[in-house]
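Chemist: Let me see the structure of the following:
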Amino acid sequence: MAVDAKQTRAETRHELIMLEPSTQTPLSFQGRGQGEGLTLRQLHVSCGYRYSEGFHLALDFMASSGITALFGPSGCGKTTTLELIAGLRQPAEGSIGVGDHALFDSSLRINFPPERRDVGYVSQDDLLFPHLTVRENLQFGMRRTNSPRLELEEVASMLELSELLERRPTTLSGGQRQRVALGRAVLSGPEILLMDEPVSAIDERLKHGLLIALQDIVSRLGIVAIFVSHDQVDVRQFAEHVVLLDNGRVAAAGPTIATLDEAFRLGTSSVASPTNVVSVSEARAADGVLHAKLGVNLAVLPSTSVSARADHVTIAFRPSDVMLSRHEVEGLSVRNSWRGAVTQIVAAADRIFVQINVGEMIWAEITNEALHVLNLRVGDQVVCLIKTSAIQVIA
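Modeler: Numbering: from 1, shown residues only. Predicted coordinates:
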């Protein structure tokens, strides 16, 4: 009888997350603690994996304490990378480790099983125990550690699960189940937290608050967190570093914004186009909108549940929603008119992307004809026109 490899991997993933407490001691990393004084950890991945179809995944990157995103087109190896780190797949060659501790090393014949890698893994399938309540599912994660660094009630509050603790998974929405799975992984006290599309099933109202909560959890625990996402807005807002995968190879890696923008400029297929995620300050509610500062410019934003007096607000908008003018334009309903200097002009197929410094770097998408009509050059002053309704306030 033939064995379905995909089904086998799914069952193994299920076993990892639902694992009974091991009789073996998990691999211990030195410097473990909470709060200030945490030792900086660094995960290194340098290995290869061959699929039965002949596709070869070659990985070579590092991820430090904090949040790193794996970003790239479908089929480039993002989920497989998480499974290799978790021990759910075995590399053909190479090594994976944290600091001086090897999790896998083909030359030394080291291969720690999943239950000894001190990894919390949130797969795309939430894999909750259907017969247990939310509270019991979360408590199961805590059975993997003798000294939990976060309390159950605290994590439940941060992930907005407090009202759901006595319910069973079958009564929850997909987004709610995803948050429970994430809470269980966090409460297991991992040194490495792996998340495969952790907010894909969560609605926009909750998503960005959850991402901020995750940032806080990762920072407080001082752990290495890696998450897979197809959403460039989430990656730009959430990740400190990014690893770009393209056709089974690491195309680029480094600080998120600079790496994504440089990869786009160089024509890397994993970043087909840029997007805009910027921070504005001193937001004030007035006349049904929010007024905020973007450098020396005034930003007029849609009214949201954001505090009427917020120190910083994050906004997102598409380059195609930015119009450019050589001069100030009067008599328009467009409320955002931001002056800035052109810093880059990038040709991408039949589109032109112009980067402008308006206090923060933003991108505008224009046609080749518009580029010639405006006669734009790097260093030129332009006015960026953006409708308030085209801007999304995300945090």
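Chemist: buried residues in the lengthiest helix in the chain?
Modeler: Taking DSSP state H as the criterion, the chain has its longest helix at helix 204-221. Neighbour-count burial for helix 204-221 flags Leu206, Lys207, His208, Leu210, Leu211, Ala213, Leu214, Gln215, Ile217, Val218, Leu221 (criterion: 16 or more other CB atoms under 10 Å). In short, each C-beta sits where N, CA and C put it, glycine included.
Chemist: what's the answer for stretch 272-286, then?
Modeler: For stretch 272-286, burial by neighbour count (16+ other CB under 10 Å) applies to Ser273, Pro274, Thr275, Asn276, Val277, Val278, Val280, Ala283, Ala285.
Chemist: how about low-confidence regions in the stretch 101-250 of the chain?
Modeler: Within the stretch 101-250 of the chain, the segments meeting pLDDT under 70 span 146-147.
Chemist: OK, contacts around Leu108?
Modeler: Counting by CB atoms under 8 Å, 6 or more residues apart in numbering, Leu108 makes contact with Ala102.
Chemist: coming back round to it: export the buried residues of helix 204-221 as JSON lines, with columns for distance to Thr145.
Modeler: Below are the buried residues of helix 204-221 laid out as JSON lines (distance: CB to CB, whole Å):
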{"residue": "Leu206", "distance to Thr145": "27"}
{"residue": "Lys207", "distance to Thr145": "28"}
{"residue": "His208", "distance to Thr145": "29"}
{"residue": "Leu210", "distance to Thr145": "23"}
{"residue": "Leu211", "distance to Thr145": "24"}
{"residue": "Ala213", "distance to Thr145": "20"}
{"residue": "Leu214", "distance to Thr145": "19"}
{"residue": "Gln215", "distance to Thr145": "21"}
{"residue": "Ile217", "distance to Thr145": "15"}
{"residue": "Val218", "distance to Thr145": "16"}
{"residue": "Leu221", "distance to Thr145": "11"}
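Chemist: Name the next helix or strand downstream of the longest helix of the chain, please.
Modeler: Proceeding N to C from helix 204-221, the next assigned helix or strand is strand 224-228, under DSSP states H and E.
Chemist: In contact with Lys78, which residues?
Modeler: Applying CB under 8 Å, 6+ apart to Lys78 gives the contacts Leu70, Phe71, Gly72, Asp196, Val228, Leu245.
Chemist: should've said Ala251
Modeler: Residues near Ala251 by CB under 8 Å, 6+ apart: Gly72, Leu244, Leu245, Ala263, Thr268, Ser270.
Chemist: out of the buried residues of helix 204-221, who's nearest His56?
Modeler: Of all the buried residues of helix 204-221, the one with the least separation from His56 (CB to CB) is Val218, at 31.3 Å.
Chemist: which ones are touching the closest one?
Modeler: Counting by CB under 8 Å, 6+ apart, Val218 touches Gly66, Ile67, Leu193, Ala225.
Chemist: Leu244 versus the first one, what's the distance?
Modeler: Meaning Gly66. Applying CB to CB, to the nearest Å, the value for Gly66 to Leu244 is 17 Å.
Chemist: who's more crowded, the two?
Modeler: In terms of neighbours (other CB atoms under 10 Å), Leu244 is the more surrounded of Gly66 and Leu244; the figures are 25 against 17.
Chemist: between the strand or helix carrying that one and strand 224-228, how many degrees?
Modeler: Per DSSP H and E, Leu244 falls inside strand 241-246. Strand 241-246 and strand 224-228 meet at an angle of 40 degrees, taking axes from the mean of the first three to the mean of the last three CA atoms, to 10 degrees as the criterion.
Chemist: Who are the packing partners of strand 241-246?
Modeler: strand 56-64, strand 66-71, strand 249-255, helix 256-265 (3 or more CB pairs under 8 Å, 6 or more residues apart in numbering; DSSP states H and E).
Chemist: Which residues does it contact?
Modeler: Here strand 241-246 has contacts from 61, 63-64, 66-73, 76-78, 81, 235, 250-256, 259-260, 263, 268-271, using CB under 8 Å, 6+ apart.
Chemist: do you know how far the closest residue to Met62 other than its chain neighbours is from Thr81?
Modeler: Spatial nearest neighbour of Met62, excluding adjacent residues (CB to CB, 6 or more residues apart in numbering): His44 at 4.9 Å. Separation of His44 from Thr81 (CB to CB): 13 Å.
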